[in-house]
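Asker: Compute the structure for the input listed below.
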Amino acid sequence: MPLYPFYFDWTYALVIVGIVLCLAASAKVKSTFAKYSKVRSMSGITGAEAAEKILRSSGINDVIIERITGNLNDHYDPRSKTLRLSDSVYGQSSIAAIGVAAHECGHAIQDEKSYVPLKFRAAFVPVANFGSKLAWPIILIGLLFAHSQILINLGIILFSFAVIFQIVTLPVEFNASRRAVARLGETGILFGDELRQTKKVLDAAALTYVAAAAATILQLLRLVILFGGGRRRD
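Answerer: Have a look, this model is predicted:
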């Protein structure tokens, strides 16, 4: 029976690097958000008020703004046309809160304008979820029971769907941040240094998506190195 390198393999370093990248990005966004959460905007409006102003000035009148519990779990749901802002953003008037609210408005604007990468990402979510859930079970079946390289390769292909999703997410998030900063300036919600400060918050947040993409790519690389191409150890 062929043996496969599950333990004490150098490729675990790829997983560790991915974990470190994600932890570092998470720490960066939390520290940056905390720093600029202490800086009150000159306009004095809250994240929710900023979102309302950006949406209405962009001609978007069918998006609902809701408050949700939590911290930095803000998101825009294109299915229900709902922009959900966390406790740390909704009622806060800091540079950080307004920046995050504006970023989510950026996604609403993308949706309004039928931004292709956003539409593709939304359509690809079920495929990515399907692939990520079945990838490892199929690989393990191929390794331990069927001894089938075809099944192993199929599992690797399914896992690659998660990589595609992460890669597509990057332009969607970067574009939303660019739209956010532009609208904040155009509407006069933030001024001068405030725009540069909120951009730092959004740039830090973008690092989490870059790190997640890198970690997923490294995991895929590990699968290919270990099991791709019929590579086996007798």
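Asker: Residue 112 against residue 60, yeah?
Answerer: Yes - using CB atoms under 8 Å, residue 112 is in contact with residue 60, at 5.3 Å. Yep, even glycine has a C-beta here, placed from its N, CA and C like the rest.
Asker: With adjacent residues omitted, what lies nearest to the residue positioned nearest the centre of the chain?
Answerer: Centroid check for the chain by CA atoms, centre = their mean gives residue 209 as the closest residue, at 4.4 Å. Excluding the flanking residues, the one nearest residue 209 by CB to CB, 6 or more residues apart in numbering is residue 173, at 5.0 Å.
Asker: which residues touch residue 131?
Answerer: Shown in contact with residue 131 (CB atoms under 8 Å, 6 or more residues apart in numbering): 157-162.
Asker: Now those in JSON lines, please, with extra columns for secondary structure and pLDDT.
Answerer: Conversion of those to JSON lines gives the following (DSSP: H, G, I helix; E, B strand; the rest coil; pLDDT from 0 to 100):
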{"residue": "157", "secondary structure": "helix", "pLDDT": "95"}
{"residue": "158", "secondary structure": "helix", "pLDDT": "95"}
{"residue": "159", "secondary structure": "helix", "pLDDT": "95"}
{"residue": "160", "secondary structure": "helix", "pLDDT": "95"}
{"residue": "161", "secondary structure": "helix", "pLDDT": "95"}
{"residue": "162", "secondary structure": "helix", "pLDDT": "94"}
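Asker: closest to residue 198 among these?
Answerer: residue 162 (30.6 Å; CB to CB).
Asker: circling back to that earlier point, please pick the buried ones from the contacts of residue 131.
Answerer: 158-162 (16 or more other CB atoms under 10 Å).
Asker: Need phi/psi at residue 67.
Answerer: phi -100, psi 140 (degrees, to the nearest 10).
Asker: How about the contacts made by it?
Answerer: With CB under 8 Å, 6+ apart, residue 67 has these contacts: 48, 84-87, 90-91.
Asker: Repeat the analysis, applying 7 Å as the threshold.
Answerer: With contact set as CB atoms under 7 Å, 6 or more residues apart in numbering, residue 67 has these partners: 85, 90.
Asker: cool, the one 10 residues further on as well?
Answerer: Residue 77 sits next to residue 84 when contact means CB under 7 Å, 6+ apart.
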